[in-house]
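Asks: requesting a structural model of the entry that follows:
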Amino acid sequence: MMADGASSSGAASAAGPGGGGGGESVGIDYGRRRTTCGYCRSTGHTSISHGLWANSLKADDYQALLDRGWRRSGCFLYKPEMERTCCPQYTIRLKASDFICSKEQGRVIKKMQRFLDGELDPQIGSPENKISPTKRSLAEPINSPTSKISKTSTNEFQVAKCPSLFEDEFICCLSGKINEAVDVCFQGGTLGSDVQLPKAVVKTVRPQIKKNIGVSQEKEVGEPVQDLLYTCNISFQIVAAIRRALPKEKDTYHSEVLADMSPNSIAEKLAMTMEQHGSIAGLSVKACNGHLNFYSVTNQTVQNKTNTVVSAHATDMSSSSKESSVNKKNVRLPQKRRKLEIKMRRSHFDPEEFALYQRYQTKVHNEKTVLESSYKRFLVDTPIVFVPPRSSDNSVPPCGFGSFHQQYRIDGKLVAVGVVDILPKCLSSKYLFWDPDFAFLSLGKYTALKEIDWVKTTQECCPNLQYYYLGYYIHSCNKMRYKAAYRPSELLCPVRYKWVCYDIAKRLLDRSLYSSLSDFAQIQDEMLQSQISGPDNELSKNDHCESPINEDDDLSYDDSGMMVDEEMVQSESNTDIMEDCSSTSEIENIMLDLNGSRVKYKDLQGVIGQIERKHLDQLERQLSRYAKVVGKELSDRMVYSL
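Replies: Numbering: from 1, shown residues only. Model (predicted):
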C-alpha cells in the first residue's frame with residue numbers, strides 16, 4: 001500500500017502481548033487527510049486528520065488508540081489534527097458506575113416503559129401527526145387549511161381530565177389550537193413575508209408556580225381560584241420575530257406596528273380568537289402578562305357543557321343513554337403489552353438492518369441514494385479481531401471482544417441498531433440508526449442509556465470493562481454538545497492524553513475551541529472561588545440537559561461526519577506536511593512488513609541492501625509522524641506494512 005505523500009507506507013499490526021489477544025493488527029496505511037467538514041459544512045477541505053487503513057487490529061491496541069484520540073469508520077482510523085482542523089474533536093467517555101441520570105433521561109425511560117405497557121399510543125409520534133415545519137410565514141395564503149379554526153365539539157376535549165387521554169397528546173392538541181389562532185390573527189401576511197413565526201409550545205405548570213399564581217389571583221379578584229394547568233409564551237416569541245424582521249432604521253409605519261405589538265396585546269387577541277372560534281371543553285383560556293394560560297373549569301360548568309349535547313326535549317332515559325355512549329368513547333381499552341428484545345450480534349451484513357439503514361438515512365438525513373457498498377464500508381467492515389469469551393476468565397466479557405451490532409426489536413420488529421465496539425476497558429458507541437416511525441420514543445437517547453446499563457452489568461463479571469465511550473465531543477457544534485449531558489463525563493487532553501473532568505474542560509473550551517485541557521492549573525483558583533460562592537448555576541442549567549435539538553436530529557453518538565470512502569479522502573501535498581525528522585532512536589524498533597517478512601527499521605538496509613538517501617529520508621519522516629501520533633509504545637509493537 002502507498003501512503004499519501006510518500007513513496008512507501010505502512011500497515012501496522014500488533015505483535016506484542018496484550019489483554020485483547022486475538023492475533024495481530026495488520027495493514028495500516030498512514031497519511032494525512034483533508035476533507036469537507038461534516039459538522040460546520042465549510043466549503044473547503046478544512047477538516048484535517050491523520051489517517052490509517054487497518055487490515056486487522058487487536059482489541060487492546062484499538063483501546064490504546066482510542067485513548068490517544070483515534071476513532072474508526074469501518075477499517076479506516078482517523079485522528080483529528082486538533083490544532084489545525086476547523087472543528088476540534090475531543091474523545092469523551094463516561095465511567096458507567098458513576099453515571100447520574102438526569103430528569104430528561106428519566107422521562108425517556110418512562111416513555112418507553114409506557115409504550116411497552118400499552119399506555120402510550122404510537123400514533124402520537126407518527127410522521128403524519130408530527131408538526132413538520134418549524135417556522136411558518138405570515139404571508140401564508142388565507143385559504144390555507146389552517147387559516148380558520150375548526151369548531152371544537154363540547155366532548156372533543158372533555159377527556160382532558162380522563163387518565164386515558166395522555167398528557168403528551170393533549171398538549172399537542174392545545175399547541176395546534178394556538179397555532180390556528182395565530183394564523184387567524186395574522187392571516188394575509190400584513191407584515192410581509194420576511195416575518196417567520198414560531199410554533200406554539202405548551203408547557204405544564206409546576207405545582208409551586210401554580211400555587212403562587214393561584215394565591216395572587218385570589219387576593220386580587222376575590223373569586224374562587226381555577227386550577228392553572230398549562231401555559232404558553234408564544235406572544236413573546238411573536239414580538240421577537242417581528243422585531244428581528246423589521247429594518248434597523250424604522251419608518252413611521254414600522255414604528256406604529258411595533259407600538260401595537262406587545263406580548264400583552266397579542267396574548268389577549270389570541271385568547272379572544274380561541275374563545276370566539278370554539279372553546280375547549282373542560283378548559284378556559286385567559287391572557288395574563290403576555291402568557292396564554294389554560295385553567296380547568298368547575299364541575300358544574302363541565303356538566304352544563306356536556307348537557308348541551310343532549311336534546312332539550314329528550315327524556316331522562318335517553319339523556320342517560322347518550323351520556324353513557326359518550327363515556328364509552330372516552331374509555332381506552334386495555335392494550336396488549338409489547339415485548340422489547342435487545343440482542344448483541346457480531347458485525348456482519350444483514351439485509352434487514354440495511355433496509356432499516358436506508359429508511360433512516362433517507363427520512364432523517366435526507367440522503368437521496370444509499371449504497372450497500374458504502375454501508376458495508378462504514379458500519380459492517382471492521383479491522384478489530386474477534387476474541388471469543390473464555391471460561392473461568394473474567395478479563396473477557398460473555399460476548400467477547402470485537403465489533404457488534406446491538407439490535408432492538410419490539411414485538412419482533414427491528415426498530416434500532418447500535419453499532420458498537422467491545423474493548424478491554426469499554427463499550428465504544430460508534431453509530432445508531434432507527435426506524436423513523438418510532439422517533440417519538442427518542443431512541444437515540446434510550447439506546448445510549450441501555451448501552452450505559454450494559455457496561456454496568458458487564459462490569460460485574462468483567463471488572464476492567466467500566467467505561468462508555470461516546471465518540472467525539474465537538475464544542476463548536478451544538479448538535480454534538482448533547483453528549484455532555486451524560487454525566488459525569490471526561491474529555492481527553494489532545495496534548496498529554498490525560499482525562500479531564502468535563503466541567504473543567506468546558507471553561508477552557510469556552511475561551512478557545514482548541515485547548516490543552518490538562519493545563520487547568522490556571523483556573524484552579526477560579527474553581528475554588530466557585531465552590532466557595534456556591535454551585536455554578538450556568539453549568540447546572542446548561543450541562544444537565546440535552547441540547548435543544550429536534551428529535552429527528554438525535555444523532556446518538558453519530559460519527560457520520562467521518563463516513564470515509566476512498567474517493568472522499570484528499571491528501572495534503574508533500575510540501576504541506578514536511579516536518580523535521582525525529583531522532584532515529586524513536587523509530588528504529590518499528591517492525592516493518594516486507595511481503596510477509598518482519599524486520600525492524602534499524603535492520604532494513606541490512607536485509608534489502610542500500611537505500612537512496614532521498615527515499616530513506618522520506619520513509620523516516622513518514623515513520624516519525626506515525627510514531628508521534630500513535631505513540632512510541634504502540635509503534636514499537638505494531639507491524640508497519642510496506
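Asks: quick one: the strands in the stretch 1-150 of the chain, in order.
Replies: Counting by DSSP state E, counting those that start in this stretch, the stretch 1-150 of the chain has these strands, from start to end: 31-35, 47-53, 71-73, 76-80, 90-95, 135-137.
Asks: can I get these in a markdown table with mean pLDDT?
Replies: Below are the strands of the stretch 1-150 of the chain laid out as a markdown table (pLDDT from 0 to 100):
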| stretch | mean pLDDT |
| --- | --- |
| strand 31-35 | 74 |
| strand 47-53 | 86 |
| strand 71-73 | 94 |
| strand 76-80 | 92 |
| strand 90-95 | 96 |
| strand 135-137 | 39 |
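Asks: these: which one's closest to residue 491?
Replies: Among these, the nearest to residue 491 by C-beta to C-beta is strand 90-95 (4.4 Å). From N, CA and C alone the C-beta is placed, and that goes for glycine too.
Asks: now the angle from the closest one to strand 76-80?
Replies: For strand 90-95 against strand 76-80, the angle by axes from the mean of the first three to the mean of the last three C-alpha atoms, to 10 degrees is 100 degrees.
Asks: ok, and what's touching strand 90-95?
Replies: Strand 90-95 is contacted from outside by 66-67, 69, 71, 426, 452, 466-475, 483-484, 486-492, 494, 499, 502, 505, 517, using C-beta atoms under 8 Å, 6 or more residues apart in numbering.
Asks: residue 383 reaches residue 55, doesn't it?
Replies: Yes. The criterion here is C-beta atoms under 8 Å, and residue 383 meets it with residue 55 at 6.1 Å.
Asks: grab the nearest non-local neighbour of residue 383.
Replies: Nearest-residue entry for residue 383: residue 54, 3.8 Å, with adjacent residues in sequence omitted and distances by C-beta to C-beta, 6 or more residues apart in numbering.
Asks: now, which of the contacts of strand 90-95 lie within helices?
Replies: 66, 452, 502, 505 (DSSP state H).
Asks: out of the residues you listed, who's nearest residue 628?
Replies: For the ones in helices among the contacts of strand 90-95, the residue nearest residue 628 by C-beta to C-beta is residue 66; the value is 17.3 Å.
Asks: so who does the closest one touch?
Replies: 91, 423, 426, 428, 469.
Asks: check residue 493 too.
Replies: 499-500, 516-518.
Asks: of these, which is the most crowded?
Replies: When neighbours are taken as other C-beta atoms under 10 Å, the top entry among those is residue 517 (25 neighbours).
Asks: and the gap between that one and residue 474?
Replies: Using C-beta to C-beta, to the nearest Å, one gets 14 Å for the distance from residue 517 to residue 474.
Asks: which strand residues bridge residue 34?
Replies: Taking DSSP bridges as the rule, residue 34 bridges to residue 48, residue 570.
Asks: correction: the previous question concerned residue 283.
Replies: residue 296.
Asks: repeat for residue 499
Replies: Assigned bridge partners for residue 499, using DSSP bridges, are residue 492.
Asks: could you double-check that residue 491 sits in contact with residue 505?
Replies: Yes. The pair residue 491 / residue 505 is scored as a contact, 4.4 Å apart, by C-beta under 8 Å.
Asks: avg pLDDT for whichever helix or strand residue 628 is part of?
Replies: For residue 628, the host element (DSSP states H and E) is helix 613-630. The average pLDDT within helix 613-630 is 88.
Asks: list the buried residues of the helix or strand following that helix.
Replies: Using DSSP H and E, the helix or strand that follows helix 613-630 in sequence is helix 632-637. Using 16 or more other C-beta atoms under 10 Å as the test for burial, helix 632-637 gives 634-637.
Asks: distance check, the residue nearest to residue 495 when sequence neighbours are not counted against residue 362.
Replies: What sits nearest to residue 495 in space, not counting adjacent residues and going by C-beta to C-beta, 6+ apart, is residue 516, at 4.3 Å. Per C-beta to C-beta, residue 516 is found 42 Å from residue 362.
Asks: can you list the domains in this structure?
Replies: 89-121+340-525, 227-242+260-295, 582-641 (the TED database).
Asks: which stretch among those domains comes nearest residue 205?
Replies: The nearest among these, by C-beta to C-beta, is domain 227-242+260-295 at 5.1 Å.
Asks: so, low pLDDT: which residues of the stretch 101-250 of the chain?
Replies: Applying pLDDT under 70 to the stretch 101-250 of the chain picks out residues 122-167, 187-194, 210-226, 248-250.
Asks: mind listing the helices for it?
Replies: 103-116, 167-185, 207-221, 234-245 (DSSP state H, counting those that start in this stretch).
Asks: go on, the stretch 301-450 of the chain?
Replies: Under DSSP H, counting those that start in this stretch, the stretch 301-450 of the chain gives helices at 316-330, 351-363, 372-375, 443-459.
Asks: right, and residue 116 touches residue 336 too?
Replies: No. Counting by C-beta under 8 Å, residue 116 does not reach residue 336; the two are 10.4 Å apart.
Asks: which one's more surrounded, these two?
Replies: A count of neighbours by other C-beta under 10 Å puts residue 116 above the other of residue 116 and residue 336, at 16 against 9.
Asks: quick one: contacts for that one?
Replies: Residue 116 makes contacts with 337-340, 410, as judged by C-beta under 8 Å, 6+ apart.
Asks: now rank the residues you listed by neighbours and give me the top one.
Replies: Neighbour max across these (other C-beta under 10 Å) = residue 410, 19 neighbours.
Asks: just the buried ones out of the contacts of strand 90-95, please.
Replies: 66-67, 69, 71, 426, 452, 466-475, 483-484, 486-487, 489-492, 494, 499, 502, 505, 517.
Asks: just to revisit the earlier point, give me the common contacts of residue 491 and residue 505.
Replies: 90, 517.
Asks: the nearest residue to residue 35 once chain neighbours are set aside - how many residues pack around it?
Replies: Computed as C-beta to C-beta, 6+ apart, the closest residue to residue 35 that is not its neighbour in sequence is residue 47, at 4.8 Å. For residue 47, the neighbour count with other C-beta under 10 Å is 24.
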